[in-house]
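Visitor: below are the sequence and a predicted model; questions follow.
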Amino acid sequence: MMIDENAFGILISDFDLEDDEYRLEPHEFGDRTQRFHDVVFQHVAEQALASDTRALDFGHALFFEFGDGDQVTSPLAWLKTLRTALSEAGLASVGVLTHGSRWVDEESGIDVEVEQRYIGSVAVARVSSASEPLRRALYADTASRPLDDDNDGWGVGLYADTEAIEALGLTPKNQPTGLSVAGATFFRVSR
């Protein structure tokens with residue numbers, strides 16, 4: 001039986017990936033994308049985030065999800081430190097902190113195995129049950145990108161979902177401008 005529980009999500013996205021893919025030679029691009037993952041994974045190995053964290057690697061971004069209350073450090077501080085490490089490695093990033101419900105199996109919790117099956121000749125991989133933190137993180141990552149010639153998007157930065165700020169019991173020092181996308185509102189925490 002599936003139940004929903006509150007969870008936090010953190011997405012860290014490689015902001016300049018598309019531009020660098022066309023600008024760099026293939027071997028340089030491969031080295032650069034490996035550097036992004038190396039920096040993220042080194043941070044994960046050295047800085048505990050939560051007692052039971054799951055991660056999805058999308059190639060251009062990584063998403064971390066953990067139950068509300070499982071965090072062992074401030075998720076916002078953890079994400080700021082990760083973005084600093086990426087910046088020091090010469091990589092621009094978008095970091096997003098979200099909060100919402102996720103669906104988990106009542107008995108076994110979160111499954112980390114990838115389920116793969118074929119539907120006709122199509123290979124289908126299922127990596128996550130329904131997750132509001134993941135959906136909201138993807139909304140913000142999309143909004144950070146140039147939308148068209150007249151809209152540069154939100155740009156590089158660290159964005160926090162207003163629901164995540166509220167769940168952490170934080171209050172902004174001033175009244176920041178809310179950035180809305182797909183029914184979710186985010187604050188820019190830093191560039």
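Guide: All right, it came through fine. A quick note: this is a predicted structure, and the numbers were derived from the prediction, not measured. Numbering: from 1, shown residues only.

Visitor: CA only for contacts and neighbour counts going forward, please
Guide: Will do.

Visitor: strands along this structure, start to end?
Guide: 2-14, 53-57, 61-67, 93-105, 115-119, 122-126, 157-161, 179-181, 184-190 (DSSP state E).

Visitor: okay if I get these as TSV plus mean pLDDT and mean neighbour count?
Guide: Output for those, formatted as TSV (pLDDT from 0 to 100; neighbours: other Cα atoms under 10 Å):
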stretch	mean pLDDT	mean neighbour count
strand 2-14	92	21
strand 53-57	92	15
strand 61-67	95	21
strand 93-105	92	24
strand 115-119	88	10
strand 122-126	87	10
strand 157-161	96	25
strand 179-181	94	15
strand 184-190	94	18
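
Visitor: now do Glu113, the pLDDT please.
Guide: pLDDT for Glu113: 60.

Visitor: scratch that, Phe29 is what I was asking about
Guide: Note on Phe29: pLDDT of 94.

Visitor: once you drop chain neighbours, what's closest to it?
Guide: Using Cα to Cα, 6 or more residues apart in numbering and skipping the chain neighbours, the partner closest in space to Phe29 is Glu21 (6.0 Å).

Visitor: ok, and what's touching the longest helix along the chain?
Guide: Secondary structure of the chain per DSSP state H: the longest helix is helix 26-46. When contacts are defined by Cα atoms under 8 Å, 6 or more residues apart in numbering, helix 26-46 is touched by residues 14, 17, 20-21, 82, 85-86, 89, 91.

Visitor: quick check, nearest of these to Asp105?
Guide: Proximity of the contacts of helix 26-46 to Asp105 (Cα to Cα) peaks at Leu82, which lies at 30.4 Å.

Visitor: ok, that closest one - contacts?
Guide: Listed by Cα under 8 Å, 6+ apart, the contact set of Leu82 reads 40, 43.

Visitor: for stretch 175-191, measure first residue to last.
Guide: Using Cα to Cα, to the nearest Å, one end of stretch 175-191 lies 17 Å from the other.

Visitor: over to the residue located most distally from the centre of the chain: give its phi and psi.
Guide: Largest separation from the mean C-alpha position in the chain: Gly120, at 32.0 Å (Cα atoms, centre = their mean). Main-chain torsions, Gly120, degrees, to the nearest 10: phi 70, psi -130.

Visitor: how close does it sit to Glu25?
Guide: 37 Å.

Visitor: before we move on, the earlier item: could I get the strands of the chain as a markdown table with distance to Ala143?
Guide: What follows is those, written out as a markdown table (distance: least, Cα to Cα, whole Å):
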| stretch | distance to Ala143 |
| --- | --- |
| strand 2-14 | 12 |
| strand 53-57 | 20 |
| strand 61-67 | 15 |
| strand 93-105 | 10 |
| strand 115-119 | 30 |
| strand 122-126 | 25 |
| strand 157-161 | 11 |
| strand 179-181 | 7 |
| strand 184-190 | 10 |
